[in-house]
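J.: sharing a model that was predicted from the sequence below.
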Amino acid sequence: MLEVKNLHASIEGNEILKGIDLKINSGEVHAIMGPNGSGKSTLAQVLAGREEYEVTDGEVMYNGNNLLELSPEDRAREGIFLAFQYPIEIPGVSNTNLLKTALNEIRKYKGEEELDTFDFLALLKEKIKLVDLDQSFLKRSVNEGFSGGEKKRNEIFQLAVLSPKLAILDETDSGLDIDALKVVANGVNKLKTKDNATLVVTHYQRLLNYIVPDFVHVLHDGKIVKSGGKELALELEDIGYDWIKNGSPEVVK
Amino acid sequence: MEKNITNFKEQFISYYRDFEDGLNGESTPELNCLRQKALETFNELPLPTTKDEEWRYTNISPLLKHNFSVASKESKLSKDQLSQYQFDKLRSHQLVFVNGNFSSEYSKLNNLPEGVIIGSLSNAIKNSPEIVEKHFGKYAGNEHQIFTALSTAYTKDGAFVYVPDGKVIEDSVHIIFITSKAKEKIITQPRNLFVAGKNSQLTIIEHFVSDNENIHFTNSVTEIFTDENATFDHIKLQEESKKSFHIARMEVDQERYSNFRSFSFSKGASIARNNFNSKFNDESSECTLNGLFLIENEQLFDAHTLIDHAKPHCNSHELYIGILDDQAKGVFNGKVLVRQDAQKTNAFQKNNNIILSDDALVNTKPQLEIFADDVKCSHGATIGQLDEEAKFYLKSRGIGEQNATAILLNAFATDVITPIKVDPVRKHIKNILSKRFKH
Ligand SMILES: Nc1ncnc2c1ncn2[C@@H]1O[C@H](COP(=O)(O)OP(=O)(O)OP(=O)(O)O)[C@@H](O)[C@H]1O
Ligand SMILES: [Mg+2]
């Protein structure tokens, strides 16, 4: 589904990603872990098409197309969804309005008819239950005045409505208490099929108890320094990231 | 330059004989006297330049270069032309003025409560001169106002609405001022008078349009009187040719417990200048002056407003939203005057602008002048750009550039759009915002 090769990206002249290789097949869950500032969000944002980042080398193929040539909106229409680490507040724009416009633009892109209002509202009501948010959130402005946890749940709600092929969750777990974490993880798991894939960016192994990854990658200083199965996450939880700095990943058993 | 300006004035002075001869029943001795005096004032007053504080950022010399003529009486509209200015699903009484002349052919009224008059000023002068003379010229004086003086001197037609005490007009009064194609550059001077009696209620939409993109000049003056406990909703839509000139004044005189709410939308004209003033004559009244302007290329929009808190316990609320693209220029000068007597005043005033290009600019000056001590007042202004992060967020959900911009602009203007009570008008404005920006 997604193949990242030797991806280099910089912002304002600073190189942040320094040669990333990553392959994700449909049906898989990948986790990216790594210390603060290692470039996890940068990778997520570059994949979503944020223009501030300049890709200086490498390529990203997505379902056989050159992803880097697509506008952010076309990436979304092709099935990429980014749950933001810091979801922005947009006063004056209701959740419903955002999702209606988004869903209809995606359907139009695929040559499908617009959803009628009745079906659309039914869809919203069904999906919002998944993340345990009250229906009053539909009418509220996007993320405005939401608590940290509500913002994260709102991201997953949007994900549920737009049902993408590749979901990138950037620290969707941070700031959540354990109950909220279960709700979010449960939401993500329910949406999982053999045709879609999930890339989970996280600091904590905790989330991975609920969203079980097939692969875990460790990102450090803009490079993936180690990849493994789900046990790698557990090991990291024990020993932290200091071994990376010592330059001897072999320490990990 | 000097020569042009002299011409601008002279054309109206020398044409005046013809104008008087053309009056046909619109002359009462009292009105004629007002017209004569106004012509003298017009003659005496200098044309404004940017050296005048009130016109500092609005240079009207492009207007003064032209010779304008008054349209001949018979201006026909092509079939179905009006329908593009009407609102679907709006039940309304409709008054239509073509090139400044009232058209009984295109106007239509639904059933009205007894005593209510909706029609042309010209008919009102003939049929109800006592009402006209009681209010006409009482609120919009000519002193220091050369364009009002010009309007008063040339008073002939405009909209007239009179609602007697205790009456309610359910349907909106939709007044369409259309400037239609003509060989000459046309000047139209609608002179409107709206009188709302005690405990009355009404909604008026002044709608200015052109059926061409030519140069013309609209000089409009609206006088409004809201008697005790009257509720008056006023909407102005200025969608004229982008080459036209639009100078407008609105004066509101409010009695006790009255509520005047106004929304002004402006997207047309190369230069649009609005003077909107409201005065509280008595206690416990409310006034809302909201506005939205949407300009591009080299358009200039100017709003000068004054809310005069002469009496205690009144509330005023003013919010002007500007959206500017290209080299457009916005001017906002809003003054709230709280006089010494006006204790317990609540006054809120704000002007927020979004600039979509590098070259557009806004000169904004919200002003509070407070002479009472027990008041709650706030004012402010902002100038900013569209939030790129919010835009990226929308795009990351599959929303394209155009819709993302439209959504954010609608959100930016939501505080002036949401309160619009007339649904079809609110939709109309949202639609314009959604379609406008395509880059
Ligand atoms: N505009 C910028 N100019 C220079 N450096 C930047 C800029 N924006 C981000 N960075 C740097 O890029 C690096 C990677 O940031 P990124 O947000 O991708 O890290 P992260 O792995 O997501 O960290 P966290 O775990 O804290 O979320 C950081 O060192 C950050 O300071
Ligand atoms: Mg991050």
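T.: That came through, no problem. Residues are numbered from 1 along each chain as shown, chains lettered A, B, ... in the order given. Ligands and ions are numbered 1, 2, ... in the order given.

J.: any idea which helix or strand carries the residue nearest to residue B:391 when sequence neighbours are not counted?
T.: Distance criterion Cβ to Cβ, 6 or more residues apart in numbering or on different chains; nearest residue to residue B:391, sequence neighbours excluded, is residue B:404 at 5.0 Å. For the C-beta atoms, the positions are set from N, CA and C on the backbone; glycine is no exception. In the assignment (DSSP states H and E), residue B:404 maps to helix B:401-412.

J.: show the average pLDDT along that helix.
T.: In this model, helix B:401-412 has an average pLDDT of 94.

J.: helices and strands around that helix, which ones?
T.: strand A:90-94, helix A:95-109, strand B:315-324, strand B:346-355, helix B:388-395, helix B:423-436 (3 or more Cβ pairs under 8 Å, 6 or more residues apart in numbering or on different chains; DSSP states H and E).

J.: can you list these in TSV and add distance to ligand 1, mean neighbour count and mean pLDDT?
T.: As requested, the helices and strands packed on helix B:401-412 are arranged in TSV below (distance: least, Cβ to the nearest ligand atom, whole Å; neighbours: other Cβ atoms under 10 Å in any protein chain shown; pLDDT from 0 to 100):
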stretch	distance to ligand 1	mean neighbour count	mean pLDDT
strand A:90-94	21	20	94
helix A:95-109	24	20	96
strand B:315-324	29	23	97
strand B:346-355	24	21	97
helix B:388-395	13	20	97
helix B:423-436	32	17	91
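
J.: gap between residue B:69 and residue A:243?
T.: Per Cβ to Cβ, to the nearest Å, residue B:69 is found 88 Å from residue A:243.

J.: and if you look at residue B:18?
T.: 97 Å.

J.: is the residue nearest to residue B:391 in contact with residue B:388, as I believe?
T.: No. At 10.2 Å, residue B:404 does not count as touching residue B:388 under the criterion of Cβ atoms under 8 Å.

J.: picking up where we left off before, neighbour count winner among residue B:69 and residue A:243?
T.: residue A:243 (18 against 13; other Cβ atoms under 10 Å in any protein chain shown).

J.: next one: the helix or strand encompassing that one, is it in contact with ligand 1?
T.: Using DSSP H and E, residue A:243 sits in helix A:242-245. No. Helix A:242-245 does not reach ligand 1 (Cβ under 6 Å from any ligand atom); its nearest approach is 13.0 Å.

J.: helices or strands next to that helix in the packing?
T.: By 3+ Cβ pairs under 8 Å, 6+ apart, helix A:242-245 packs against no helix or strand.

J.: which of the residues in that helix are buried?
T.: Neighbour-count burial for helix A:242-245, counted by 16 or more other Cβ atoms under 10 Å in any protein chain shown, picks out A:243-244.

J.: in the chain, what spans have low per-residue confidence?
T.: Chain wasn't specified; assuming chain A. A:245-253 (pLDDT under 70).

J.: chain B was what I was after
T.: In chain B, residues with pLDDT under 70: B:1-6, B:73-74, B:436-439.

J.: break it into its domains for me.
T.: Taking automatic domain parsing as the domain assignment, the ranges for chain B are B:2-282, B:386-439.

J.: nearest to residue A:61, out of those domains?
T.: domain B:386-439 (19.8 Å; Cβ to Cβ).

J.: what is the burial count for residue A:204?
T.: 15.

J.: and residue A:129, by the same measure?
T.: 14.

J.: about what we covered before: any buried residues in the next helix or strand after the helix holding residue B:404, and which?
T.: Using DSSP H and E, the helix or strand that follows helix B:401-412 in sequence is helix B:414-417. Within helix B:414-417, the residues that count as buried by 16+ other Cβ under 10 Å are B:414-417.

J.: which residues touch the closest residue to residue B:249 other than its chain neighbours?
T.: Computed as Cβ to Cβ, 6+ apart, the closest residue to residue B:249 that is not its neighbour in sequence is residue B:275, at 4.5 Å. Neighbouring residues of residue B:275 by Cβ atoms under 8 Å, 6 or more residues apart in numbering or on different chains: B:145, B:248-250, B:304-305.

J.: quick one: whichever strand or helix holds residue B:275 to strand B:315-324, angle?
T.: Assigned by DSSP H and E, residue B:275 belongs to strand B:271-280. In terms of direction (axes from the mean of the first three to the mean of the last three Cα atoms, to 10 degrees), strand B:271-280 departs from strand B:315-324 by 170 degrees.

J.: who does strand B:271-280 pair up with?
T.: strand B:245-254 (parallel), strand B:300-309 (parallel) (DSSP bridges).

J.: give the contact list for residue 98.
T.: Here I'm looking at chain A. Residue A:98 neighbours (Cβ under 8 Å, 6+ apart): A:90, A:142, A:158, B:394, B:397, B:399, B:407.

J.: I was thinking of chain B, sorry if that wasn't clear
T.: If you count contacts by Cβ under 8 Å, 6+ apart, then residue B:98 has B:75-77, B:106, B:178, B:180 around it.

J.: which ones among those residues lie within strands?
T.: Within the contacts of residue B:98, residues falling in strands by DSSP state E are residue B:178.

J.: can you select the buried ones among the contacts of residue B:98 for me in PyMOL?
T.: A single PyMOL command is used to select the members of those judged buried by 16+ other Cβ under 10 Å:
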select buried, chain B and resi 75+77+106+178+180
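
J.: what about ligand 1: which of the contacts of residue B:98 touch it?
T.: Applying Cβ under 6 Å from any ligand atom to these, none is adjacent to ligand 1.

J.: could I get the contacts of residue B:98 as TSV with distance to residue A:192?
T.: As requested, the contacts of residue B:98 are exported to TSV (distance: Cβ to Cβ, whole Å):
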residue	distance to residue A:192
B:75	69
B:76	68
B:77	63
B:106	63
B:178	60
B:180	64
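
J.: which residue does the stretch 51-200 of chain B bring closest to chain A?
T.: Closest to chain A within the stretch 51-200 of chain B is residue B:89: 17.6 Å, counting by Cβ to the nearest Cβ.

J.: what's the distance between the closest residue in space to that residue that isn't next to it in sequence and residue B:163?
T.: Leaving aside its chain neighbours, residue B:89 sits nearest to residue B:424 (5.5 Å; criterion: Cβ to Cβ, 6+ apart). From residue B:424 across to residue B:163, the span is 22 Å (Cβ to Cβ).

J.: great, nothing more from me.
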